[in-house]
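Q: Please find the sequence and the predicted model below.
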Amino acid sequence: MRLILTALLLATTPALAQAPFATFHSASEPVLNDPHDLAFGPDGKLYIADKFGHRIVVMEPDTLEILSTFGDGELPGAHDISFGPNGRAYVAVTGASAIAVYGFDSGEPVLENGLGSFPRTEGVLAHSNGRLYVMASGIGQLFAIENDEIVASAGGMPGAHDVAEAPDGSIWVADNFNRRLVRFSPDALEQQQVLNGPKYGFIGPRYLDIDEFGRLVVADQDAHRILLIDPVTGDLMGTLGDGSPGFGPNKFDDPEGVAVRGTSYYFADSDNNRVVKYVVVTN
C-alpha cells in the first residue's frame, strides 16, 4: 500500500520530471544501522548519527571508510549532530529526549553535558551566533537556547525534524508532517517563509543542508528522493531518485541525512544502511 500511495502522489507532481542535479560517485559499505543526519566536523571528517547503532560514526569523506565511532550505546536513537563555533558536537538523542554535548579538547570525544528534556529531540543546530536551536518533534516546538536558557520558541510543527542555518543566519526547518519547509528569524523565531505545494511533491521531508549559494538540498524520505530548491525564486532545480525505493545509482530507500561540501553531496541512504556520495562534475 505504501509503494502504491507514493507512486500515485509522485505521478501528480512535476517534481518527478526534474533532471538530476548531481552524479553518483560512490557509496560506503552497507554496515550502518539506519543512519540519519550527517555533518562535517572541524577536522573535515564526516560525522553520522547512526540511529539504531545508538552512536556517532566518523567517516573519511573521500573514501567513505569508517574511521571510528563514539557514544556507542549511550545515544539511544541518535538522529542529528551539529558542530558549534566552539568546536563542540551537539547530538540529538531522540530516545532520551535530550541533547548530548561532546568536547574534543583532549583530541578524543568526551561527553561533557546533557541538555533537556525536549520530547523526541529530532533536530539540533549549533548556530554561528552561539545559540543552540532544538526541534522537539514530540510536541512540534522549535526552541532557541542561550546560556542553557530557552529564549524563544515556535510551535505548530508536530513531527518536524531538521534545523539548518542559511548563509544569512536565518533558520530552515524540515516540517515533514505538514509537508513543507519553514524559514524562521534567528532572534525571535518569527516565521519568514514557507515552501510547500504540488511542485515540490513533498511527502516526508526530514533533513536538509544548504549549499554556499543558499540553495536547499532536501531529503524527502517518504518519496525516496533528494530535491535541490532555490528558496529565493522557489524553483525546484533538480532531483535525485525516481520516487521508488531501490539500491544503486540514483536510487534511495528512505533517505534522511544531507551534508554538502562544495560540489560534493553526501546522503544517508537510511534503509540501505549506507552513506552515498554524489558530485557535480565541472570542467
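A: The structure has been received and is ready for your questions.
Q: Please count neighbours and contacts with C-alpha atoms only from this point.
A: Noted.
Q: Could you list the low-pLDDT ranges of the chain?
A: 1-17, 282-283 (pLDDT under 70).
Q: in the stretch 51-200 of the chain, which spans are strands?
A: 55-60, 65-70, 78-83, 89-93, 98-103, 110-116, 121-126, 132-136, 141-146, 149-154, 163-165, 171-175, 180-184, 191-195 (DSSP state E, counting those that start in this stretch).
Q: Could you dump the ones you listed into TSV with distance to Gly262 and mean neighbour count added?
A: Formatted as TSV, those follow (distance: least, Cα to Cα, whole Å; neighbours: other Cα atoms under 10 Å):
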stretch	distance to Gly262	mean neighbour count
strand 55-60	16	22
strand 65-70	20	14
strand 78-83	18	29
strand 89-93	22	29
strand 98-103	26	22
strand 110-116	30	14
strand 121-126	20	29
strand 132-136	25	27
strand 141-146	28	21
strand 149-154	32	15
strand 163-165	16	25
strand 171-175	20	25
strand 180-184	23	21
strand 191-195	24	14
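Q: Could you dump these into CSV and include distance to Pro255?
A: Shown next, in CSV, are the strands of the stretch 51-200 of the chain (distance: least, Cα to Cα, whole Å):
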stretch, distance to Pro255
strand 55-60, 17
strand 65-70, 19
strand 78-83, 13
strand 89-93, 18
strand 98-103, 23
strand 110-116, 27
strand 121-126, 15
strand 132-136, 19
strand 141-146, 23
strand 149-154, 26
strand 163-165, 17
strand 171-175, 14
strand 180-184, 17
strand 191-195, 20
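Q: And those: which comes nearest Asp34?
A: Closest of the strands of the stretch 51-200 of the chain to Asp34 is strand 78-83, at 9.6 Å (criterion: Cα to Cα).
Q: Okay, now the sheet partners of that closest one, with direction.
A: Using DSSP bridges, strand 78-83 pairs in its sheet with strand 89-93 (antiparallel).
Q: and the angle for the strand it pairs with with strand 121-126?
A: 170 degrees (axes from the mean of the first three to the mean of the last three Cα atoms, to 10 degrees).
Q: sorry, back to before: for Glu212, which of the strands of the stretch 51-200 of the chain is the nearest?
A: When those are ranked by proximity to Glu212 (Cα to Cα), strand 163-165 comes first, at 11.2 Å.
Q: just checking, what packs against the closest one?
A: strand 121-126, strand 132-136, strand 171-175, strand 205-210 (3 or more Cα pairs under 8 Å, 6 or more residues apart in numbering; DSSP states H and E).
Q: Export those strands as JSON lines, with columns for distance to Phe24.
A: Converted to JSON lines, the helices and strands packed on strand 163-165 look like this (distance: least, Cα to Cα, whole Å):
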{"stretch": "strand 121-126", "distance to Phe24": "27"}
{"stretch": "strand 132-136", "distance to Phe24": "31"}
{"stretch": "strand 171-175", "distance to Phe24": "24"}
{"stretch": "strand 205-210", "distance to Phe24": "18"}
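Q: re the thing from before, right, so of the strands of the stretch 51-200 of the chain, which gets closest to Gln221?
A: strand 171-175 (11.1 Å).
Q: how about the closest one as CSV, C-alpha atoms only?
A: The C-alpha trace of strand 171-175 is given here as CSV (Å, rounded to 0.1, in the frame of the first residue of the first chain):
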residue,chain,number,x,y,z
ILE,A,171,16.8,29.0,10.1
TRP,A,172,15.1,26.4,8.0
VAL,A,173,13.0,23.6,9.5
ALA,A,174,12.0,20.4,7.7
ASP,A,175,8.4,20.3,8.8
